[in-house]
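Asker: With the input below, show me the fold.
(one chain, ligands or ions: 1)
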Amino acid sequence: MYKLYARPGSGSFIVEAIMAEAGVPLEIQDVERLPGRIPPDYLVKLNPLGQIPTLILPNGEVMTETAAITIYLCDLYPKAELAPAADSPLRAAYLRWLLYMATTIYMSDLRAIYCERYTDDPNGVEAVKSSALKQRNRQWDILEAELGDKPYLLGGKFSVLDIYAVMLAGWNRDSREFLAKRPTLRALYERVRARPKLTPVFKRNTMDALT
Ligand SMILES: N[C@@H](CCC(=O)N[C@@H](CS)C(=O)NCC(=O)O)C(=O)O
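Answerer: You can find the predicted model right below:
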């Protein structure tokens, strides 16, 4: 059985969602928040960065990094049809936009949330945050342009990219205003949230309410 170290509303959402879509049993352990944003020792022993998601595979191996976990699980459970196969014409776009989200938007979110980690200058913290938010908006503009008027990021077919995008969109503290300004992204959010296997995952992660 897989075991996921999780926290509702965090990057572990993508792993929960993939497993729900693929119908794979998953044990979930929610990791508590300690003062000062210090990760608990048991998590650091598994993942030196103390980050979520941390996934324990059935053979006991530890896996981290949402993009790596996503590629790994979607390839392992192809019947779920969450990702194009290696020889699909959509594979390049799939990898491009998955890695784009994981290495740009996600990182801008981390810079905005954990801004004090990104400067040694106590007076520079606010500047780190405002610059991260500016970059994040530009990165979302690029992704939204890619979505255009298609129903899903890869065109007519739903994929894990849509779940990943919606996870990131749901994190924005100004989520309602953010999505109000981005109607195509909001429509994607609603489409993904309405998937029967995902509805409980949205609820557990307190990401179901949008209005
Ligand atoms: N690059 C990692 C980032 C993971 C990450 O930063 N997770 C956040 C939650 S969304 C976390 O655990 N933050 C706690 C910390 O960094 O102390 C990934 O894609 O999995």
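Asker: what ranges do the strands span in this protein?
Answerer: 2-6, 26-30, 54-56, 62-64 (DSSP state E).
Asker: Would you convert these into CSV that also reports mean neighbour count and mean pLDDT?
Answerer: C-beta coordinates here come from the backbone N, C-alpha and C atoms, glycine included. Converted to CSV, the strands of the chain look like this (neighbours: other Cβ atoms under 10 Å; pLDDT from 0 to 100):
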stretch, mean neighbour count, mean pLDDT
strand 2-6, 21, 98
strand 26-30, 14, 98
strand 54-56, 23, 98
strand 62-64, 16, 98
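Asker: Could you dump the ones you listed into a markdown table with distance to residue 13 added?
Answerer: A markdown table is the format used below for those (distance: least, Cβ to Cβ, whole Å):
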| stretch | distance to residue 13 |
| --- | --- |
| strand 2-6 | 8 |
| strand 26-30 | 11 |
| strand 54-56 | 13 |
| strand 62-64 | 15 |
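Asker: Spell out which residues of this structure are next to the ligand.
Answerer: Applying Cβ under 6 Å from any ligand atom, one finds that the chain approaches the ligand through 10-11, 37, 39, 50-53, 64-67, 102, 106, 110.
Asker: One more pass at 8 Å, please.
Answerer: Residues of the chain found near the ligand (Cβ under 8 Å from any ligand atom) are 7, 10-12, 37-39, 49-53, 64-67, 69, 102, 106-107, 109-110, 113-114, 171.
Asker: filter the residues you listed to the buried ones?
Answerer: For these, a neighbour count by 16 or more other Cβ atoms under 10 Å gives the buried set as 7, 10-12, 39, 50-53, 64-67, 69, 102, 106, 109, 171.
Asker: mind listing which of the residues you listed are in helices?
Answerer: Taking DSSP state H as the definition of helices, these contribute 12, 66, 67, 69, 106, 109, 171.
Asker: Could you find the lowest-pLDDT member of the residues you listed?
Answerer: Lowest pLDDT within those is found at residue 171 (91).
Asker: so what's that residue up against?
Answerer: 9, 109 (Cβ atoms under 8 Å, 6 or more residues apart in numbering).
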